[in-house]
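# model the structure of this input:
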Amino acid sequence: MSYAIDLSERQSVRTLEQAARHGVEVRLHPRSQQGYPPILCHLITDDQSKTFGLPRSFLVVVVTQASDQTEMPEAPEPLWDREDYLSLAGTYCDAEFQLSGHHYLFSTDVANVEIDAEQERVVFWLTRPAIIQVAQRRAYRRIRLAQSSQVNLKWAEDDHGMSSGIGWLCNISKAGLACRTEPPIADRLCIGEPLQVEFAFSPETPERFQFDAVLCSKTPAGTQGKIILGIQFLFGPGHESSARSAEALKRHLADWYARIPSYREGSET
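Next up is the predicted model:
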C-alpha cells in the first residue's frame with residue numbers, strides 16, 4: 001500500500017491554487033542542508049507572482065520564519081542566514097503543507113533565491129510540480145504506549161550501502177508506527193524513504209517484529225529537541241517478511257484492545 005496518493009495533474013493544479021489563495025504555510029526541507037530545521041514559507045498567488053516576471057511554470061514562496069526555533073527553543077539546530085539561503089539555488093527539496101485537514105507533499109527544485117534587503121524578505125522560485133500527493137489518513141487507531149521500546153531503523157544509501165539508526169516507539173497500529181529520534185538521524189532520511197524497522201511491542205516482551213516500511217512524515221517533537229518519524233508498514237508482493245510480523249502484531253494489538261475498554265480498533269474519521 002502506498003504511503004500517499006498521487007493527485008491528477010488537474011487536481012494538483014487546483015490544490016496549489018487553493019493553497020496560494022489561502023496563503024497556507026509551506027515547510028521546505030532542503031536535502032543539501034542536513035542539520036537545519038525546515039524553512040517556513042507561504043505560497044503566493046499567480047497574480048502576485050507576476051510582479052516577479054515569472055511564468056506559470058514556477059511557484060513562488062516567501063519565507064515567513066527562518067527556523068523552527070520557536071517550536072524547539074532548546075534545539076541545537078543552526079539558524080538560516082543569507083548565505084545559507086543563497087546556497088539553495090539549484091538544489092532539490094521536499095515540501096509539505098496542510099489544507100482543509102489534508103496533508104499534501106511534493107518534491108521540487110529551487111530555481112532561484114531572491115533576497116530583498118529593504119523589505120527583509122526572502123523569496124524562493126520553485127519548479128512547479130506536475131503532480132502532488134495527499135497523505136493517506138490512518139486506517140486504524142494507534143495505541144500510545146506507557147513505556148517506550150527501541151526501534152531499529154535501516155535504510156539504503158546512495159552508494160548501495162546500508163545505514164542504521166535508532167528511535168523510541170511512541171505509538172503503534174497494525175498499519176504503522178511513530179517513533180522519536182535524534183535530528184541527525186532524521187536529517188539523513190527523506191520523505192518516501194524505504195526503511196526496514198525492527199522493534200518489540202514493549203521493553204518487557206521478548207518477541208520482536210520486522211517490517212518493510214516507508215517514511216511518511218517528520219515532525220518536531222515539541223521542546224524535546226527530537227523528531228517524530230511517522231512510518232507506514234508495507235505489505236504485498238516483495239514484502240513477505242512484513243506479512244509474517246503483521247499476523248503476530250495483530251494478535252498483540254487484539255489482546256491490548258481487549259484489556260483496555262477505552263481502546264477500540266476501527267477506522268478513524
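
# state the mean pLDDT of the helix or strand containing Leu126.
Element membership of Leu126, judged by DSSP states H and E, is strand 121-127. On average, the pLDDT along strand 121-127 is 91.

# partner strands of the helix or strand following it and their direction?
Later in the chain than strand 121-127, the nearest helix or strand by DSSP H and E is strand 133-135. Using DSSP bridges, strand 133-135 pairs in its sheet with strand 4-6 (antiparallel), strand 102-116 (antiparallel).

# quick one: contacts for the nearest residue to Asp116 once chain neighbours are set aside?
Leaving aside its sequence neighbours, Asp116 sits nearest to Val123 (Cβ to Cβ, 6 or more residues apart in numbering; 7.1 Å). The way it works is simple: take the backbone N, C-alpha and C, and place the C-beta from them, glycine included. Applying Cβ atoms under 8 Å, 6 or more residues apart in numbering to Val123 gives the contacts 52, 60-63, 113-116.

# also Asp6?
So Asp6 contacts 131, 133 (Cβ under 8 Å, 6+ apart).

# and it, bridged to which residues?
In beta-bridge terms (that is, DSSP bridges), Asp6 pairs with Gln133.

# separation between it and Ser149?
34 Å (Cβ to Cβ, to the nearest Å).

# same thing with Gly161?
Gly161 is 27 Å from Ser149, where distance means Cβ to Cβ.

# neighbour count: these two, which is higher?
Neighbour totals were compared for Gly161 and Ser149, and Ser149 leads with 17 against 7 (other Cβ atoms under 10 Å).

# just the buried subset of the contacts of Val123, please.
Buried members of the contacts of Val123, counted by 16 or more other Cβ atoms under 10 Å: 60-63, 113.

# strands - which of the residues you listed land there?
Secondary structure from DSSP state E places 60-63, 113 of the buried ones among the contacts of Val123 in strands.

# rewinding a little: export the strand holding Leu126 as CSV, just CAs?
Listed in CSV are the C-alpha atoms of strand 121-127, where the atom choice follows Å, rounded to 0.1, in the frame of the first residue of the first chain:
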residue,chain,number,x,y,z
ARG,A,121,12.1,39.4,2.5
VAL,A,122,13.5,36.1,1.2
VAL,A,123,11.7,34.6,-1.9
PHE,A,124,12.1,31.2,-3.4
TRP,A,125,11.3,30.3,-7.0
LEU,A,126,10.3,26.7,-7.1
THR,A,127,9.8,24.5,-10.1
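
# how far off strand 102-116 does that strand point, in degrees?
Orientation of strand 121-127 against strand 102-116 (axes from the mean of the first three to the mean of the last three Cα atoms, to 10 degrees) gives an angle of 120 degrees.

# can you list the low-confidence ranges for this structure?
Applying pLDDT under 70 to the chain flags residues 1-4, 49-56, 65-78, 119, 136-147, 159, 203, 222-223, 256-269.

# for the helix or strand harbouring Ser164, name the packing helices and strands.
For Ser164, the element it lies in under DSSP H and E is strand 162-172. Other helices and strands packing on strand 162-172, by 3 or more Cβ pairs under 8 Å, 6 or more residues apart in numbering; DSSP states H and E, are strand 143-144, strand 150-156, strand 176-181, helix 183-187.

# is it possible to get CSV of those that adds mean neighbour count?
Rendered in CSV, the data for those read as follows (neighbours: other Cβ atoms under 10 Å):
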stretch, mean neighbour count
strand 143-144, 14
strand 150-156, 17
strand 176-181, 22
helix 183-187, 18
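
# the ones you listed: which one's closest to Thr91?
Among the helices and strands packed on strand 162-172, the nearest to Thr91 by Cβ to Cβ is helix 183-187 (14.6 Å).
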